[in-house]
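Visitor: Got a predicted structure here, sequence first:
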Amino acid sequence: MDDTTKSKIKKQMEFYFSDSNLYRDSFLHEKMSNDSDGFVDISLVCTFNRMKKLLKKVSDDDDEAVKVKAVSEAVGGSSSLVLSEDGTRVKRATPLDKDPKEIAEEIDARSLLVGPFRFDVTLEELEEYFQSSVGKTNAVRMRRHVSSKDFRGSVFAEFGSVEEAERVLKASEGGGFVFDGAPLAMEKKAEFVKRKEEERHARKNSPYNNDTALKTDNHASEKKEEVIEVGEKEIEEFGAVPGTFVKFDFGGADLKDGVTFGLVKDSFGGKDSGLMFVEYKQGEQTGCARFSTKETAQAALDACTDGKRLLAGFEASLTILEGEEEKEYIKKVIIMRKKAAIERAKKEKQGGGGKGRGGKRAGGRGGGRGGGKRRKTR
């Protein structure tokens, strides 16, 4: 194993067990909690995606012993990690005893929004650029669109201290850093988040906008919500396996914008854990996860300590819905689906197909050819 690969493995291992990663990596945090001394098998860490890529340079085959030995050698001189006597397990040199909220605030305080970057840039390219041209970072996090997962062209770069982040920010003034010919703009993450929140609140139709809220209140009595009934037969035909709905509750924690649907889903382990869907609205204290089987739902609870586990970096209590509570939740899901179907039908009616603006729709915009029957396509 060459020195470059050894250094990269050490850096990646230190990141996995750092405050920066553990406050949002509930899977690894739980594995640490399951051991009285906080040790985790190196063989498990070898299965993580980024580590697998690095270990390909060590061994092309699936020899677990070779990979474990390589990782053990790489982290042997680390000041933040400790190896077990046999060199097959690893833990933090110091316990993780900070509150997740405190950790999140510290990370934000030493992080900068940086961009623009090419949309096809890789994380490896970005890390090498920051290391060689900007400054040492704890992490570089690529910002992605929620639905498509496409890169937004900017990153949150977390530095080792607030002072280092401020040094880099000052050095960036006047186009101090350039990537692929493009001068990079930088902004403190905390200020960026605050500015975006203010922009959302200022939007004309924002629920946080005072004018909008006032209009909503004034006309609330005029607008009656359609009552949707759900029968017993519909609940039976829903086909849910009893004991597969897991309710989670953050217990009044100050979540800010730190908990999202995506983070909750990832914390449960995604599809690999048997997760079918998560019903959660950002900022709310409770939500529900549905699993494919009773066994996978129970496994989610088995990962708890004293009835709680980390979700998106925050402690949440978990319970399996039973009896009437489960029945009421299924009814809620059916109502949600019906409402979504009604909204889709309204949008389709407004957007064309049948009568719309300008009379009957004959083709595309402006009428299309001839105005006769629409041609069927396969």
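Guide: Perfect, thanks for sending it. Residues are numbered from 1 along each chain as shown.

Visitor: contacts, neighbours, all on C-alpha from now
Guide: OK.

Visitor: what's the nearest residue to residue 316 once chain neighbours are set aside in contact with, if anything?
Guide: With sequence-adjacent residues excluded and distances taken as Cα to Cα, 6 or more residues apart in numbering, residue 316 is closest to residue 250, at 4.4 Å. Taking Cα atoms under 8 Å, 6 or more residues apart in numbering as the contact definition, residue 250 lies against 285, 286, 314, 315, 316, 317.

Visitor: so the second one makes contact with residue 279?
Guide: No - counting by Cα atoms under 8 Å, no contact exists between residue 286 and residue 279, whose distance comes to 9.2 Å.

Visitor: any idea how far residue 54 is from residue 229?
Guide: As judged by Cα to Cα, to the nearest Å, residue 54 and residue 229 stand 55 Å apart.

Visitor: Looking only at neighbour counts, state which of those two leads.
Guide: residue 54 (16 against 10; other Cα atoms under 10 Å).

Visitor: For the residue lying closest to residue 188 once chain neighbours are set aside, report the pLDDT, please.
Guide: Sequence neighbours aside, residue 112 is the residue nearest to residue 188 in space, at 4.5 Å (criterion: Cα to Cα, 6+ apart). pLDDT recorded at residue 112 is 96.

Visitor: Residue 286 and residue 279: which has the busier surroundings?
Guide: The neighbour count for residue 286 versus residue 279, taken as other Cα under 10 Å, is higher for residue 286 (18 against 14).

Visitor: for the record, mean pLDDT for stretch 56-63?
Guide: The model assigns stretch 56-63 a mean pLDDT of 78.

Visitor: Return the set of buried residues in it.
Guide: For stretch 56-63, the neighbour count (16 or more other Cα atoms under 10 Å) marks residue 58 as buried.

Visitor: Quick check: the most centrally placed residue in the chain vs residue 332, distance?
Guide: Centre of the chain computed as the mean C-alpha position; nearest residue by Cα atoms, centre = their mean is residue 263, 3.1 Å away. Residue 263 sits 23 Å away from residue 332 when distances are taken as Cα to Cα.

Visitor: give the contact list for residue 175.
Guide: Residue 175 touches 183, 184, 185, counting by Cα under 8 Å, 6+ apart.

Visitor: mind redoing it with 6 Å?
Guide: residue 183 (Cα atoms under 6 Å, 6 or more residues apart in numbering).

Visitor: A strand includes it, no?
Guide: No - Residue 175: not assigned to a strand; according to DSSP: H, G, I helix; E, B strand; the rest coil it is coil.

Visitor: From residue 283, how far out is it?
Guide: Relative to residue 283, and taking Cα to Cα, residue 175 is found at 37 Å.

Visitor: With residue 192 instead?
Guide: 19 Å.

Visitor: can you check residue 60 too?
Guide: In terms of Cα to Cα, residue 60 sits 45 Å off from residue 283.

Visitor: Also residue 240?
Guide: 27 Å.

Visitor: For the two, indicate the residue with more neighbours.
Guide: Ranked by neighbour count (other Cα under 10 Å), residue 240 and residue 283 place residue 240 first, with 17 against 14.

Visitor: List the contacts of that one.
Guide: Here residue 240 is in contact with no residues (criterion: Cα under 6 Å, 6+ apart).
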